[in-house]
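**Student:** Sequence and predicted structure are below.
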Amino acid sequence: MRNHIRTTALAATALLAALSLTACGGDDSADNGKAGAAAPAANSTTTPDSGKDAKDAQDTKGSSSGTDSAPAENASATTKNSTGGSQGGKSSTGATGGGSTSKSPVTCTGSNTKVTVSQVSRPINHLLLTATNTGSVPCYAYHAPALRFDDAQAAFPVLRDSIPQAVVTLAPGQSAYASIGLSGEPDGQELHKSKHLGVYFTGKSNQGSTGPSTELTLPAGTTWGDNGFVTYWQSEMADALTY
């Protein structure tokens, strides 16, 4: 009976020991489980925060970089546009300068024209004066040329019937014409032989000559009478030779 009680007591003691060990093992497993669960949680918390921080840092850097570069790009574009505008203005001004290059006509004189004299077959006893604009601007050939043969005291007569409808305007390179009738009616008048002819231009007011004159050599054997004449300047040679 005692052995049975002792055996029972030993069995109970062994059971209690086993239960005690089991309880201790369970607690350790629970603690280990808690530690294992906490680690991933800590890692998951740290990882998003780190990624967010890195992203925020990148966003901040990118934002800062974009803010810094944008004004530089805009400034460059503004300078280019300003330069383009300035060049455009210059070009426009050039166009405006080109339009303002037209020059007002001046009076034809011996300084801006070349004058020649030649003998013509028709009409008879006539010479032809040609005045060509050698200047860079147009010139007005006003009225008729004033002529003087050699050292004659009086100017040669002008034919009033030859007045043109408008003042002859010569562009650079263009010519005006005047014919010289060496003698007129009546026949039998005294003739003068001359070698040189002075040609003088007149101004708009037709009061005397203007500018330098031109001295020409006459065709050999030229003679003239006191009743001869010179026409007004004409724009066409044929018009000058109709008188």
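**Tutor:** Right, received. Where do you want to start? Source: prediction; values computed, not measured. Residues are numbered from 1 along each chain as shown.

**Student:** When you work out contacts or count neighbours from here on, use the C-alpha atoms and nothing else.
**Tutor:** Will do.

**Student:** Got phi/psi on residue 237?
**Tutor:** phi -60, psi -40 (degrees, to the nearest 10).

**Student:** gap between the nearest residue to it once chain neighbours are set aside and residue 117?
**Tutor:** Nearest residue to residue 237, sequence neighbours excluded (C-alpha to C-alpha, 6 or more residues apart in numbering): residue 177, at 5.6 Å. Counting by C-alpha to C-alpha, to the nearest Å, the gap from residue 177 to residue 117 is 10 Å.

**Student:** cool, and residue 191?
**Tutor:** The value you get for residue 191 to residue 117, if C-alpha to C-alpha is used, is 19 Å.

**Student:** Who has more neighbours out of the two?
**Tutor:** residue 117 (20 against 14; other C-alpha atoms under 10 Å).

**Student:** Report pLDDT for the more buried one.
**Tutor:** pLDDT recorded at residue 117 is 98.

**Student:** For the helix or strand containing it, which residues meet the burial criterion?
**Tutor:** Per DSSP states H and E, residue 117 falls inside strand 113-119. Residues 113-117, 119 are the ones in strand 113-119 that count as buried (16 or more other C-alpha atoms under 10 Å).

**Student:** which residues touch residue 165?
**Tutor:** Listed by C-alpha atoms under 8 Å, 6 or more residues apart in numbering, the contact set of residue 165 is empty.

**Student:** Go again with 10 Å.
**Tutor:** By C-alpha atoms under 10 Å, 6 or more residues apart in numbering, the contact set of residue 165 is residue 234.

**Student:** What count of nearby residues applies to the nearest residue to residue 204 once chain neighbours are set aside?
**Tutor:** Spatial nearest neighbour of residue 204, excluding adjacent residues (C-alpha to C-alpha, 6+ apart): residue 142 at 5.9 Å. Counted with other C-alpha under 10 Å, the neighbours of residue 142 add up to 22.

**Student:** looking at it, residue 142 is touching residue 200, isn't it?
**Tutor:** No. Applying C-alpha atoms under 10 Å, one finds residue 142 not in contact with residue 200, separated by 11.1 Å.

**Student:** anything in contact with each of those two?
**Tutor:** In contact with both residue 142 and residue 200: residue 109, using C-alpha under 10 Å, 6+ apart.

**Student:** Which per-residue confidence value corresponds to the closest residue to residue 133 other than its chain neighbours?
**Tutor:** Distances taken as C-alpha to C-alpha, 6+ apart place residue 113 nearest to residue 133, at 4.4 Å, with adjacent residues excluded. At residue 113, the model reports a pLDDT of 98.

**Student:** you'd agree residue 113 is up against residue 132?
**Tutor:** Yes. Assessed by C-alpha under 10 Å, residue 113 is found in contact with residue 132 at 5.2 Å.

**Student:** Mind listing the shared neighbours of the two?
**Tutor:** Common neighbours of residue 113 and residue 132 (C-alpha under 10 Å, 6+ apart) are 139, 170, 172-175.

**Student:** now the helices for this structure?
**Tutor:** 2-99, 237-240 (DSSP state H).

**Student:** lowest-confidence stretch among the ones you listed?
**Tutor:** helix 2-99 (a mean of 41).

**Student:** Test my guess that residue 211 contacts residue 199.
**Tutor:** No. Counting by C-alpha under 10 Å, residue 211 stays clear of residue 199, with 11.0 Å between them.
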